[in-house]
Structures are given as C-alpha cells and as structure tokens.
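K.L.:
Here is my input; please provide its structure:
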Amino acid sequence: MNDDMTPDTAPPAEPTPPTEPTPPAPKGGARRVVLAVLPAVLVLGALGGAAAYTEATVNGADRTVTTKVWGGGAHKPAKDPAGDVGRGRADTELSKLLLPVPENYRLGPDMGEYGNDDEISGKKATAQMKESGRGIAGKQRRERDQRIDRLHVQGIAQRSYTSDDNDLTVEIQIVKMKDKRAVHDMFGFQTELMGTYGGFRKGPTIEGHKKAKCFREPQTKSKLDALFCFAYDGELSLTVNAYGAKPFSASHVADLVKDQLDHIESPGEYV
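P.N.:
Prediction:
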C-alpha cells in the first residue's frame, strides 16, 4: 500500500454535525408523551385500562340487540351511598366527595393496580406519580417530578363506573393538595398540554362550572372514543376520563362531570 494517499484513495471526511434543531416529534409521539405525563398529575392507573375493558365488552356484545345511543336527557344520580357498597364507599372525607354510582351504572373495572373504589395516601400517591414517569425524557421528567413535589398531595380518591349497557366506562379521581395555588397551576398545566399536543379536540363545556375543561380523543378509526375532563375547586383537583363505543355522547359525560362537581360543592345535599 502506498504511504502517500491521493484524494482518490483518502477516507471520506467526518460528517459535520447538523446545526439545525431536531425536528419536533410526530403527533403520535407527542400524544404518547402527553399521555405519559398526565398520569403523574391526573391519574395513577393506566389510561388504557378502562378503554381496554370497554373495548372488550363492546366487542363481546350481542350484535342482534340494537345499540342504545345516549340521549340528551338528564339522568338521575343515585343517593349518597351510606351503607350501600354498590353505590361506592363514603367512609372518609375524600370518598364522600366522589359521585355516588348513578342509576343505569355500576362500579367499573379496577384503575391500574388499585381497585374500582379506592383511596390512596398522599405519600404513596406522590411516590406512584413519580414512578409512572419512567418512560419520559430526562428534562421533562425532572420538570414533572418538581411539579409533583410542589403539589403536596394529601390524598387521592378514585372510582370507576360502567354503564349497564357496557358501552361507557368513566374514571373519576379527586386529588386533595395542600396548596390551592398549586391546584390552580396544575389545572393550567394539564389543559395546556391537552390543548397543545396530540391533536386532542375541544370537548363540551360544563354547565355552571367555569373552572372545568374537556378534551376529546383525536379522530381515529378505532371503535372507541374518549373524553378527558379536568376541573378544580379550592384544594381539590378533579379528573374524569371517559371511554365509550362510537357514537360517543360527550354531552352525557359532561352531565356526569357536572353532577360530580355539584356533589363536591354540596355532598350532603346531593341526591
């Protein structure tokens, strides 16, 4: 081999690193990031849990029976569940604030590793929130963990509901925090994320409640649709996730959210 390399035989020069910023992730990736972030500040269970349950029941439904489409009429919420475990527990301060299981519903599937009608201490909830962020990039995870620490979570009450027709599953979580400002800031963070990433659509408004916003699942070919609602009241942060077979009545879920918020305001009077 000739020691003197000619231009024809010299190895190619090292490529120059790109100077332009990395392009943003595609919408699907952004949506995964959002759904990975949200459980840390909204829900402890997997967001797909209720959706998978609903899809299984919908796929197994008797196709010879006409599917009921939710109407716009108001439903009748149940009385507070004192002594009636089928309507939900009411033995703690937080569990009393959860919406009693309405008529034409029953308690739904477990929410992640927890049950369908459960309460979690603040310390355990904080640890679980942080643990759920393992799949998030370093910078986003650090920001997320810092937000969680600033929340000073006191406890979480959660309950799931499934319609008797098996075409709608709703998950409700109430998070109590020490700092009202943190609750307000978290609401802004949640709604900003949903409004910015992943193609989520604007959801229905909640009658009589300005501190509430809803977002619909992006348009897909799936047989299911989903609606995510967030609200706050003083030291309480509310999350409602609903999964249903298409056609999906967002207004019906909005009625449930309204019932839940009304119940928080007057739990002893709500019947």
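
K.L.:
where does Ile174 land on pLDDT?
P.N.:
For Ile174, the pLDDT comes out at 94.

K.L.:
My understanding was that it contacts Thr92; is that so?
P.N.:
No. Between Ile174 and Thr92 there is no contact under Cβ atoms under 8 Å: 11.1 Å. All C-beta spots, glycine's among them, are computed from the backbone N, C-alpha and C.

K.L.:
ok, these two, which is more surrounded?
P.N.:
Ile174 (24 against 12; other Cβ atoms under 10 Å).

K.L.:
Mutual contacts of Ile174 and Thr92, please.
P.N.:
Ala157 (Cβ atoms under 8 Å, 6 or more residues apart in numbering).

K.L.:
So which elements touch the strand or helix carrying Asp185?
P.N.:
For Asp185, the host element (DSSP states H and E) is helix 180-196. Counting contacts by 3 or more Cβ pairs under 8 Å, 6 or more residues apart in numbering; DSSP states H and E, helix 180-196 is packed against helix 27-41, helix 138-151, strand 212-216, strand 224-233, strand 236-245.

K.L.:
As TSV, those with distance to Arg87 would be great.
P.N.:
Formatted as TSV, the helices and strands packed on helix 180-196 follow (distance: least, Cβ to Cβ, whole Å):
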stretch	distance to Arg87
helix 27-41	27
helix 138-151	30
strand 212-216	24
strand 224-233	22
strand 236-245	18
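
K.L.:
Distance check, Glu103 against Leu256.
P.N.:
12 Å (Cβ to Cβ, to the nearest Å).

K.L.:
Who has more neighbours out of those two?
P.N.:
The residue with more neighbours, out of Glu103 and Leu256, is Leu256; 23 against 11, by other Cβ under 10 Å.

K.L.:
From Gln190, how far out is that one?
P.N.:
From Leu256 to Gln190 the distance is 19 Å (Cβ to Cβ).

K.L.:
Over to Leu236?
P.N.:
From Leu236 to Gln190 the distance is 14 Å (Cβ to Cβ).

K.L.:
Done for today, thanks.
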